[in-house]
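**Student:** Output the structure for:
(one chain, ligands or ions: 1)
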Amino acid sequence: MKTLRIATRKSPLALWQSEHVAERLRAAHPGLSVELVPMSTRGDQVLDRSLAAIGGKGLFLKELEVAMQRGEADCAVHSLKDVPMTLEAGFAMPAILPRADAADAFVSPRFERLADLPHGACVGTSSLRRQAQLRALRPDLVLRDLRGNVNTRLARLDAGEYDAIVLACAGLQRLGLAARIRSRLDAPEWLPAPAQGAIAIECRDDDDACAAVCAALDDADTRCRVEAERAMNRALHGSCHVPVAAYARLEGDRLHLAGAVGSAEDGHGIRAEAEGPASDPDALGVEVARRLLEQGADALIAPHV
Ligand SMILES: NCc1[nH]cc(CCC(=O)O)c1CC(=O)O
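**Tutor:** Numbering: from 1, shown residues only. Model prediction:
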């Protein structure tokens, strides 16, 4: 393989992540030429309707997968938290890069922390997971939808449409916007999306040459953690637009997983955790999902599937 073409969305964050992967591939394989193939996806174009209404987050992948099938690109780079729990048939994930900061960030021009917001303040986020956690901690807040790429969301905050918004620390840091993080929303009190902060490479499952090149960037610890988080989410429902949070950490050869499901309407939430051997992240994910379901998680998820 002499040249590798990476299909990517055109948002500044997607381009940063794809350029990061390109640089790391060039460093791992001197002599390999790596090019980006920027594309716009339906998920990026349609901003006026909810993602669920237009077919879920898989929409961000579809066009990139078609490009790989047509031979117009060899692989695609994704934020793993936006990738459906089960990949489309015919595709594989040869590399998951070392995880960056997995936490969410509280972003506001005037307030330092969530607890500092005045009664009835307005917070922007379209994520059911973030809405549910905000409701649980601050039932008085007014939650308003906010979609679009990171830069668009910050612009709307700065225009005064919201008192605060919640974004991923990783995205802000990658875009050189870490100064916008007023405080961190950290585990175990606040949980991120399954696989938040991890970048994944997808390719056709019959493209062994591409998979071998990409595998040089795979990080085993990150793969183990995000596999537990995604296995939990998969066991709960199999979709990706649901109020589900998960965070796994490794301690030696032990893997610990915390999971939560909540209601964006009333803030009611269910939590569970468990630990097990790092050799079987799937089993741990399934076990935490079982404990959540035992407490009634299904009633919180079903309306969104
Ligand atoms: N849903 C959009 C999205 N997908 C991945 C990230 C951040 C980067 C990451 O989690 O790796 C973001 C922005 C955000 O949630 O603030």
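**Student:** From here on, just use CA atoms for contacts and neighbour counts.
**Tutor:** Fine.
**Student:** Cys59 contacts Thr41, doesn't it?
**Tutor:** Check again: residue 59 is Leu, not Cys. Yes - with contact defined as CA atoms under 8 Å, Leu59 counts as touching Thr41 (6.9 Å).
**Student:** got the contact list for the closest residue to Thr3 other than its chain neighbours?
**Tutor:** The spatially closest residue to Thr3, leaving aside those adjacent along the chain, is Ser33, at 4.6 Å (CA to CA, 6 or more residues apart in numbering). Applying CA atoms under 8 Å, 6 or more residues apart in numbering, we find Ser33 in contact with 2-4, 26.
**Student:** Considering these, which possesses the most neighbours?
**Tutor:** Counting neighbours by other CA atoms under 10 Å, Leu4 comes out on top of the contacts of Ser33 with 20 neighbours.
**Student:** Can you point out the buried residues in the host helix or strand of Ala170?
**Tutor:** Ala170 is located in helix 169-174, with elements delineated by DSSP states H and E. For helix 169-174, the buried set under the neighbour-count rule, 16 or more other CA atoms under 10 Å, comprises 169-172, 174.
**Student:** Can you give the contact residues for it?
**Tutor:** Residues outside helix 169-174 that contact it (CA under 8 Å, 6+ apart): 13, 16-17, 100-105, 150, 178, 180-181, 184, 197.
**Student:** just checking: which of these also lie near the ligand?
**Tutor:** For the ligand, the contacts drawn from those by CA under 6 Å from any ligand atom are 150, 197.
**Student:** Derive a ChimeraX selection command for the buried subset of the contacts of helix 169-174.
**Tutor:** Buried members of the contacts of helix 169-174 can be picked out in ChimeraX with the line below, counting by 16+ other CA under 10 Å:
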select :13,16,17,100,102,103,104,105,150,180,181,184,197
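**Student:** about what we covered before: identify the contacts common to Leu59 and Thr41.
**Tutor:** In contact with both Leu59 and Thr41: no residue, using CA under 8 Å, 6+ apart.
**Student:** got the residues of the chain near the ligand?
**Tutor:** For the chain, the residues in contact with the ligand under the definition CA under 6 Å from any ligand atom are 79, 82, 150, 167-168, 170-171, 196-199.
**Student:** just to revisit the earlier point, mind listing the strands the helix or strand just after the helix holding Ala170 pairs with, and their directions?
**Tutor:** Counting by DSSP H and E, the element after helix 169-174 in chain order, helix or strand, is strand 183-185. On the basis of DSSP bridges, the sheet neighbours of strand 183-185 come out as strand 104-107 (antiparallel).
**Student:** So what touches the partner strand?
**Tutor:** Applying CA under 8 Å, 6+ apart, the contact partners of strand 104-107 are 112-114, 164-169, 180-186, 191-192.
**Student:** Would you map the strands across the stretch 101-250 of the chain?
**Tutor:** Using DSSP state E, counting those that start in this stretch, the strands found in the stretch 101-250 of the chain span residues 104-107, 122-124, 142-144, 164-168, 183-185, 199-204, 244-251.
**Student:** Could you list the buried residues of the third one?
**Tutor:** Using 16+ other CA under 10 Å as the burial criterion, the residues of strand 142-144 that qualify are 142-143.
**Student:** which among the contacts of helix 169-174 gets closest to the ligand?
**Tutor:** Proximity of these to the ligand, judged by CA to the nearest ligand atom, is greatest for Gly197, which lies at 3.3 Å.
**Student:** residue contacts, the closest one?
**Tutor:** Taking CA under 8 Å, 6+ apart, one finds 79-81, 99-103, 168, 170-171 in contact with Gly197.
**Student:** Go again with 10 Å.
**Tutor:** By CA atoms under 10 Å, 6 or more residues apart in numbering, the contact set of Gly197 is 79-81, 97-104, 168-171, 222, 226.
**Student:** now do Ala179
**Tutor:** By CA under 10 Å, 6+ apart, the neighbours of Ala179 are 107, 172-173.
**Student:** that older thread, list buried residues within the contacts of strand 104-107.
**Tutor:** Among the contacts of strand 104-107, those buried by neighbour count (16+ other CA under 10 Å) are 112-114, 164-169, 180-185, 191-192.
**Student:** and stretch 270-290, which residues are buried?
**Tutor:** Residues of stretch 270-290 classed as buried by neighbour count (16+ other CA under 10 Å): 270-276, 278, 281-290.
**Student:** Sitting in strands, which of these do you find?
**Tutor:** For those, the ones inside strands are 270-276, with DSSP state E as the criterion.
**Student:** Let me have those residues in TSV, extended by pLDDT.
**Tutor:** TSV is the format used below for these (pLDDT from 0 to 100):
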residue	pLDDT
Ile270	96
Arg271	97
Ala272	98
Glu273	98
Ala274	98
Glu275	98
Gly276	98
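**Student:** Alright, I will stop here.
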